[in-house]
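> can't give you the sequence, but here's the structure:
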């Protein structure tokens, strides 16, 4: 259950601030694919596994393109595209775009009781539809 304060922190992305400690320790980068649950590994395609070729980041292409409003396939494709195109200039562009998203609070879904479907459930549902 998300409190009013929790919704505000999530909408403003302030709930991500503790991850700066992971950046300082060298475990994460400012820009890169968002870390996901280890339980999702079996659900990645071979191509999607490339997202692990770089350090995970606090922000990335998927975050500036819609955050948790994007379907899983699109989010993971954006992660792979980032890995293929990684550069200082791209990181700088994504950081600027992230700041704009945080200020405007665009692209985040904060509806009480509604969460993004886990990748495992999303992929199983797609398999069922494909049968």
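Alright, I've got the coordinates. Quick caveat, the model's predicted, so the values are computed rather than measured.
> and whichever strand or helix holds residue 103, what does it pack onto?
Following DSSP states H and E, one finds residue 103 within helix 88-104. In terms of contacts (3 or more Cβ pairs under 8 Å, 6 or more residues apart in numbering; DSSP states H and E), helix 88-104 is packed against strand 29-31, strand 57-59, helix 61-64. All C-beta spots, glycine's among them, are computed from the backbone N, C-alpha and C.
> for the helix or strand just after that helix, which outside residues touch it?
Reading on from helix 88-104 to the C-terminus, the next helix or strand found by DSSP H and E is helix 119-130. If you take Cβ atoms under 8 Å, 6 or more residues apart in numbering as the criterion, helix 119-130 is touched by 36, 37, 39, 40, 43, 71, 72, 117.
> buried subset of those residues as a ChimeraX selection?
Of these, the buried ones can be selected in ChimeraX as follows, counting by 16 or more other Cβ atoms under 10 Å:
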select :36,40,43,72
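> between all of the contacts of helix 119-130, which two are separated the most?
Using Cβ to Cβ, those reach their maximum pairwise distance at 39 and 71, which is 19.0 Å.
> before we move on, back to that, mean neighbour count and distance to residue 19 for the helices and strands packed on helix 88-104 - can I get that in a markdown table?
Listed next are these as a markdown table, based on neighbours: other Cβ atoms under 10 Å; distance: least, Cβ to Cβ, whole Å:
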| stretch | mean neighbour count | distance to residue 19 |
| --- | --- | --- |
| strand 29-31 | 20 | 9 |
| strand 57-59 | 24 | 5 |
| helix 61-64 | 24 | 12 |
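> can you tell which of the ones you listed is closest to residue 18?
strand 57-59 (10.1 Å).
> just want the most central residue of this structure.
residue 34 (4.2 Å; Cα atoms, centre = their mean).
> and it, what element?
Short version, using DSSP H and E: residue 34 is in no helix or strand.
> with residue 26 instead?
Using DSSP H and E, residue 26 is not contained in any helix or strand.
> any idea how many residues pack against it?
Neighbour count of residue 26, defined by other Cβ atoms under 10 Å: 8.
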